[in-house]
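Enquirer: Got a predicted structure plus its sequence, pasted below:
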Amino acid sequence: MQVLQVVQSTVGSRPGALSVARGMSHFGEHAFGWAVIGGIGALVDRPRRRRWAGVAIGAVGAHAASIAVKRVVRRPRPVDPTVQVNVSTPSRLSFPSSHATSTTAAAVLLGRLTGLPLPAVLVPPMLLSRLVLGVHYPTDVLAGAALGAASAAAVVRAEKKFGER
């Protein structure tokens, strides 16, 4: 709990931090924001339509994988009077963070598509936001990032195997 307390008392106490973290939470809920970005990309960038669709599929697939792991592990979310929970959650299960999972998958796939270092830019803020909001332990977000990277790797393998027409 010490890490959560430190994150909340330092990062979480900065002006606007909770609002930004809540906005990120809503964007990442059920991988919805990432699926929308992938869908819009597929509509407007016809030559790379499959890769954009891969972003959406990868994010949603990563989210589904995280839900499956949550149901097996069944780790409860942090419950401690010194940790403030600053957003509602769809379940009481914590490990791994679905937001970290889908964001990492989307960032890896978007970075591959655009050639930009998006994982380095997008993933740390999402991981930190889950701690600021008090809904995950540090190991939840780290495991989520690892699962998201593995999910993105699976999409890349599938693209190579089945072609990127």
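Expert: Done, it's in. Numbering: from 1, shown residues only.

Enquirer: Now do stretch 57-75: distance to the chain's middle.
Expert: A distance of 11 Å separates the centroid of the chain from that of stretch 57-75, by CA atoms, centre = their mean, to the nearest Å.

Enquirer: From Ser19, how far out is the closest residue to Gly12 other than its chain neighbours?
Expert: Residue nearest to Gly12 in three dimensions, not counting chain neighbours: Val132, with 4.3 Å by CB to CB, 6 or more residues apart in numbering. Glycine gets a C-beta too; all of them are placed from N, C-alpha and C. Val132 sits 11 Å away from Ser19, going by CB to CB, to the nearest Å.

Enquirer: Ok, Pro138 next?
Expert: In terms of CB to CB, Pro138 sits 22 Å off from Ser19.

Enquirer: need the next SSE after the helix or strand bottoming out on mean pLDDT in the chain, C-terminal direction.
Expert: Least confident helix or strand, the chain: helix 2-10 with a mean of 89, by mean pLDDT, DSSP states H and E. Later in the chain than helix 2-10, the nearest helix or strand by DSSP states H and E is helix 17-28.

Enquirer: what's the angle between that next one and helix 2-10?
Expert: Orientation of helix 17-28 against helix 2-10 (axes from the mean of the first three to the mean of the last three CA atoms, to 10 degrees) gives an angle of 120 degrees.

Enquirer: Compute the number of surrounding residues for Arg50.
Expert: Number of residues near Arg50 (other CB atoms under 10 Å) recorded here: 14.

Enquirer: now swap in Ile57 and tell me
Expert: The number of residues near Ile57, taken as other CB under 10 Å, comes to 19.

Enquirer: Start at 35, not 1
Expert: Right, with 35 as the first residue, what we last looked at is Ile91.

Enquirer: re earlier: restricting to C-alpha, output the least confident helix or strand of the chain in CSV.
Expert: Extracted C-alpha coordinates of helix 36-44, given in CSV (Å, rounded to 0.1, in the frame of the first residue of the first chain):
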residue,chain,number,x,y,z
GLN,A,36,2.9,2.3,0.5
VAL,A,37,3.5,2.8,-3.2
LEU,A,38,-0.2,3.7,-3.7
GLN,A,39,-0.1,6.1,-0.8
VAL,A,40,3.0,7.8,-2.2
VAL,A,41,1.6,8.0,-5.8
GLN,A,42,-1.7,9.4,-4.5
SER,A,43,0.0,12.0,-2.2
THR,A,44,2.5,13.2,-4.8
